[in-house]
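**Student:** predicted structure and sequence below. I'll ask about it afterward.
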Amino acid sequence: MKTEFTLLDQTYQLLRYPAENQHISWQAWDAADEYLIEYVEHNMVDRHDLNIFIYNDDFGALGVWFASRSPLWISDSYVAHKALQLNLERNNIPVKQVITHNSLYQPTVNADLVLIKLPKTLALLEQQLIDLQKCVTPHTKIIATGKANAIQKSTLALFEKHLGLTTTSLAKKKARLIFCQYDGIKNSSSPYPTQWKTDGSQFIMNNLANVFSRQQLDIGARVLLAHLPEANNKKVVDLGCGNGVLGLHILQQSPQAQVVFVDESFMAIASAKLNIAQNMPDKLSQCEFIVSNCLDEYPHSGDHSGDQNGDHNGKEIEQVDIVLCNPPFHQQNTITDHIALQMFRDSKRILKHGGELRVVGNRHLDYPQTIKRLFGHYKVLASDRKFSILSAIKK
Ligand code: SAM
């Protein structure tokens, strides 16, 4: 991984998180970050008292760069929060210099300068533009950045719809800037959370803006729902839970199950919690909700050592009977299997002997071999044209 970020005579060490799992060709910043930084540094040099808000900084490059101006930094991603923290530490910048919040936070002060890295999901952008209406004025400079090919008419239309006049820069290294000025009038209400009903209309699923499969049940999840394990009196982890649809159905089919919902998206965890609270309020006490990169934060007893061998303060963690997983194969805009691999590895660490990892995967992905390497075996419980349900028991 290239880690030395040099721009305008400044150099920082920047790594993605978790550093050890990254492809050698990836880095923690991109041309869109560089373009935005150069624009701000060249055009706003004289203003050091600006109230700066930063949204969706992928791995902390913007937070590190602007840290000396004490920006307010907002992200839905636990991985991004962690990357920012470690990158600040790596560069000997006090972590408290950047004021971090998750995506559920509504700023209460006005911004002079808003810097937005365009997120993969337009819905998240839309929610953020709506949130901004309450903390920008017509004098606030709002600048977004992203890959030129990701900036579509629909992207610009969102800025126009929720804030005001919007223009773009020329492209540079395949990145572009968006400039927007709030007209002081718009006051939209949020279309999020979106809702849909599960088959047979048993449950209403609420989905905050950045939740996977926000508009309908994922096709992979549908296949896994037809092959859920019996889980009464068992502890189940819904790993990469999204809106919590898998864990919710576990609780319906196995009313005595305990379910731990884990996701790296704050909006996913908030949605999962809302969905249990609304659909099965009596089961809330059987649930835990954890924002984490894979199972880094499980158990979140505060004694987590980050050790990959299952040895936490000298004790084996053997408390989970089942891990259910419909793994992600993207990180931001990159297609990757490194998250699935960490999920499987972490699952093995927390499973009891005799416990089961149950995964739904697209058949073209190499999950069977990965699981076999880790668990020594796997079984295909079911498959259709597109998906397989794989099961591995920890021996
Ligand atoms: N379980 C839901 C379903 O079946 O509809 C969502 C599955 S979706 C394919 C994968 C989920 O993994 C997303 O909700 C995503 O936010 C989450 N995810 C992505 N990277 C993660 C990570 N590093 N740690 C934990 N969860 C992650």
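**Tutor:** Here it is on my side, so go on. Residues are numbered from 1 along each chain as shown.

**Student:** with residue 290 as the reference, measure out to the residue of the stretch 1-150 of the chain found nearest the ligand.
**Tutor:** The ligand sits closest to residue 79 of the stretch 1-150 of the chain, with a gap of 5.5 Å, by C-beta to the nearest ligand atom. Yep, even glycine has a C-beta here, placed from its N, CA and C like the rest. Going from residue 79 to residue 290 by C-beta to C-beta, to the nearest Å gives 14 Å.

**Student:** may I have the strand or helix carrying residue 289 as PDB, with CA atoms only?
**Tutor:** Here residue 289, judged by DSSP states H and E, is contained in strand 287-291. Extracted as PDB, the C-alpha positions of strand 287-291 are listed here (Å, rounded to 0.1, in the frame of the first residue of the first chain):
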ATOM      1  CA  CYS A 287     -30.500  -8.400  21.500                       C
ATOM      2  CA  GLU A 288     -27.200  -6.600  21.400                       C
ATOM      3  CA  PHE A 289     -26.300  -4.000  18.800                       C
ATOM      4  CA  ILE A 290     -22.600  -3.400  18.000                       C
ATOM      5  CA  VAL A 291     -21.000  -1.000  15.500                       C
END
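
**Student:** now stretch 357-369: buried residues?
**Tutor:** Neighbour counts over stretch 357-369 (16 or more other C-beta atoms under 10 Å) mark 357-361, 365, 367-368 as buried.

**Student:** thinking again about what came up before, pLDDT of the strand holding residue 289, averaged?
**Tutor:** Across strand 287-291, the average pLDDT comes to 98.

**Student:** is that strand anywhere near the ligand?
**Tutor:** No. Applying C-beta under 6 Å from any ligand atom, one finds strand 287-291 out of contact with the ligand, separated by at least 8.4 Å.

**Student:** find the nearest non-adjacent residue to residue 381, please.
**Tutor:** The shortest distance from residue 381 to any non-neighbouring residue, by C-beta to C-beta, 6 or more residues apart in numbering, is to residue 389 (4.4 Å).

**Student:** what number of residues are in the vicinity of that neighbour?
**Tutor:** Around residue 389 there are 20 other residues, counting by other C-beta atoms under 10 Å.

**Student:** next SSE downstream of the longest strand anywhere in the chain?
**Tutor:** Across the chain, the longest stretch assigned as strand under DSSP state E is strand 351-362. For strand 351-362, the following helix or strand on the C-terminal side (DSSP H and E) is helix 367-375.

**Student:** who does the next helix or strand after that next one pair with, and is each partner parallel or antiparallel?
**Tutor:** Counting by DSSP H and E, the next helix or strand C-terminal to helix 367-375 is strand 379-383. Strand pairing for strand 379-383, using DSSP bridges, gives strand 387-393 (antiparallel).

**Student:** what sits against the residue of the stretch 1-150 of the chain closest to the ligand?
**Tutor:** By C-beta atoms under 8 Å, 6 or more residues apart in numbering, residue 79 lies in contact with 17, 59, 264, 293, 331.

**Student:** now the helix or strand harbouring it: buried residues?
**Tutor:** Counting by DSSP H and E, the element that carries residue 79 is helix 78-90. Neighbour counts over helix 78-90 (16+ other C-beta under 10 Å) mark 78-88, 90 as buried.

**Student:** contact partners of the helix or strand following it?
**Tutor:** On the C-terminal side of helix 78-90, the nearest following helix or strand under DSSP H and E is strand 99-102. Strand 99-102 is contacted from outside by 63, 70-76, 81, 84-85, 107, 266, 291, using C-beta under 8 Å, 6+ apart.

**Student:** among these, which are located in strands?
**Tutor:** Residues of those located in strands (DSSP E): 72-75, 291.

**Student:** if we take the contacts of residue 79, which one ends up nearest to residue 375?
**Tutor:** Using C-beta to C-beta, residue 293 is the member of the contacts of residue 79 that sits closest to residue 375, with 21.4 Å.

**Student:** right, and the closest one touches residue 82 too?
**Tutor:** Yes. Look at residue 293 against residue 82 with C-beta atoms under 8 Å: they come within range, at 6.4 Å.

**Student:** would you map the helices across the stretch 51-200 of the chain?
**Tutor:** Secondary structure of the stretch 51-200 of the chain (DSSP state H, counting those that start in this stretch): helices at 61-65, 78-90, 122-132, 153-162.

**Student:** which stretches of the protein have low pLDDT?
**Tutor:** Along the chain, the parts satisfying pLDDT under 70 run over 45, 201, 300-318, 331-333.

**Student:** who in it is up against the ligand?
**Tutor:** Residues of the chain found near the ligand, taking C-beta under 6 Å from any ligand atom as the criterion, are 79, 212-213, 218, 221, 240-242, 245-246, 263-265, 268, 293-294, 326, 328, 339.
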